[in-house]
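S.K.: return a 3D structure for these sequence lines:
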Amino acid sequence: MLKSLRTAALAATAAVAASAVSAQVNLTSNTAGAGTTAGLTASALVEYAAARGVANIQLKDGQTGTNYIQALAEGKIDIANGPFILPFMLAHAIGPYASLGKERGAEIGPNVQLLYPYTFSIFTMYAYDAKGVEGWHDLKDRKVLNGPPRGAATTNSRALIQLFGGSKFDEDYESVTVSWNQAASAIIDGTADVAVIPAMFPGPRVTRAGAAGAMSIYSLPKDTFESEDGQKLLNKPGSTAFSIPVADLKASLGDGWTVVSEDDTFRAMSVVGGDFVNRSMDEEVAYQLTKSHIENLEGHMALAPFMGSLNFGVLDPKVSGLCGPNPVKFHAGAVRAWEEAGHSVPDCARP
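M.R.: Sure, this is the predicted structure:
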């Protein structure tokens with residue numbers, strides 16, 4: 001009898017221990033618009049983590065990156081993704097974070113740590129041919145879609161227009177801002193004459209807009225692109241200079257699109273960033289989340305036609321935007337996962 005009780009007790013203890021090991025952590029995550037690179041990657045992580053018993057992730061999409069990166073740094077949410085420019089501005093308390101003050105920015109900025117980097121999108125300008133837009137210099141007195149009411153995308157849009165087109169928002173043109181979920185509609189229904197926002201080739205916003213009429217997409221002017229000021233803007237934290245043969249872009253966009261460029265090269269700015277966690281996250285959880293991403297890379301890049309070209313699994317700083325003035329470091333758990341998978345983590349991006 002005692003032996004039976006002892007055996008039962010041991011079995012119960014083992015069951016409890018096994019349950020504790022497999023118990024999932026509850027996490028919260030924020031991302032931008034559904035169907036975007038960020039949205040697809042965030043929703044995929046929810047599935048990867050659940051399938052592996054790593055975590056239950058409650059995801060809210062359609063959110064503004066400026067807001068949720070600060071929330072992540074303050075420990076109000078557990079996971080977020082966005083371009084590297086946001087943690088940079090947060091750490092320096094500049095731009096939309098200026099009201100925080102330098103001391104507070106420096107305090108919470110390092111709390112944003114990286115699981116994995118990737119390219120979010122390509123910042124460019126496009127419009128319906130019926131609008132008669134001739135190029136970046138032709139935005140005066142037009143209604144230009146800059147992005148959401150508050151966020152890094154809008155800041156980038158306005159900076160590109162000013163440097164490459166010479167127009168200042170709300171002085172030379174009317175700045176239109178809407179949520180990401182309304183961005184395609186703003187172009188289609190004429191709320192804006194022209195869009196200067198991130199795109200993918202082919203991506204949901206450009207595909208939807210292009211289906212409603214002939215469109216043109218405009219390369220950045222070559223001279224300014226190659227200038228010192230141009231390269232400084234294009235390669236700041238959260239972005240890299242981007243170029244692609246016009247023929248390749250045309251093939252990707254399909255019929256109904258005209259690629260406007262001075263030569264056979266299309267020039268733009270790529271937006272780089274990644275999926276972040278708060279540095280207080282348990283190392284094993286961060287490791288398991290990163291591992292689940294790495295081991296699903298092939299399927300991940302097949303989630304949408306544009307995902308395979310967005311540098312998932314690439315840690316090279318020249319491509320990923322890591323290091324240099326970018327303050328974001330990997331989480332220790334992420335470093336372990338990447339190195340275990342045979343990747344070299346740049347020393348400048350280690351925590």
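S.K.: what strand or helix carries Gly273?
M.R.: strand 265-278 (DSSP states H and E).
S.K.: what do you get for Asp229?
M.R.: Assigned by DSSP H and E, Asp229 falls in helix 228-234.
S.K.: next structured bit after that helix?
M.R.: strand 239-245.
S.K.: buried ones in that following strand, by neighbour count?
M.R.: Residues of strand 239-245 classed as buried by neighbour count (16 or more other Cβ atoms under 10 Å): Ser239, Thr240, Ala241, Phe242, Ser243, Ile244. To be clear about C-beta, it is placed using only N, CA and C from the backbone, and glycine gets the same treatment.
S.K.: and of these, the nearest to Thr207?
M.R.: Nearest to Thr207 among the buried residues of strand 239-245 is Ile244, at 17.5 Å by Cβ to Cβ.
S.K.: leaving out chain neighbours, which residue sits closest to the closest one?
M.R.: Phe266 (5.2 Å; Cβ to Cβ, 6 or more residues apart in numbering).
S.K.: tell me which residues in stretch 243-263 are buried?
M.R.: Residues Ser243, Ile244, Val246, Leu249, Lys250, Ser252, Leu253, Trp257, Val259, Val260, Ser261 are the ones in stretch 243-263 that count as buried (16+ other Cβ under 10 Å).
S.K.: just give me the neighbour total for Ala50.
M.R.: Ala50 has 14 neighbours, counted by other Cβ atoms under 10 Å.
S.K.: my guess is it meets Val25, correct?
M.R.: No: taking Cβ atoms under 8 Å as the definition, Ala50 is not a contact partner of Val25, at 11.1 Å.
S.K.: what do the two both touch?
M.R.: Asn56 (Cβ atoms under 8 Å, 6 or more residues apart in numbering).
S.K.: ranges for the strands of the stretch 201-350 of the chain?
M.R.: Using DSSP state E, counting those that start in this stretch, the strands of the stretch 201-350 of the chain run over residues 215-218, 239-245, 257-260, 265-278, 329-330.
S.K.: let me know which of those is the nearest to Leu100.
M.R.: Leu100 lies closest to strand 265-278 among the strands of the stretch 201-350 of the chain, at 16.7 Å (Cβ to Cβ).
S.K.: okay, the closest one in PDB with CA atoms only?
M.R.: Below are the C-alpha coordinates for strand 265-278, written out as PDB (Å, rounded to 0.1, in the frame of the first residue of the first chain):
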ATOM      1  CA  THR A 265      18.100  52.100 -62.000                       C
ATOM      2  CA  PHE A 266      15.300  52.800 -59.500                       C
ATOM      3  CA  ARG A 267      16.500  54.500 -56.300                       C
ATOM      4  CA  ALA A 268      14.700  54.600 -53.000                       C
ATOM      5  CA  MET A 269      15.200  54.200 -49.200                       C
ATOM      6  CA  SER A 270      14.800  50.800 -47.500                       C
ATOM      7  CA  VAL A 271      13.300  50.800 -44.000                       C
ATOM      8  CA  VAL A 272      15.100  48.400 -41.600                       C
ATOM      9  CA  GLY A 273      14.300  47.300 -38.100                       C
ATOM     10  CA  GLY A 274      13.200  44.100 -36.400                       C
ATOM     11  CA  ASP A 275      11.200  42.400 -33.700                       C
ATOM     12  CA  PHE A 276      12.000  43.800 -30.200                       C
ATOM     13  CA  VAL A 277      11.400  42.700 -26.600                       C
ATOM     14  CA  ASN A 278      12.000  44.500 -23.300                       C
END
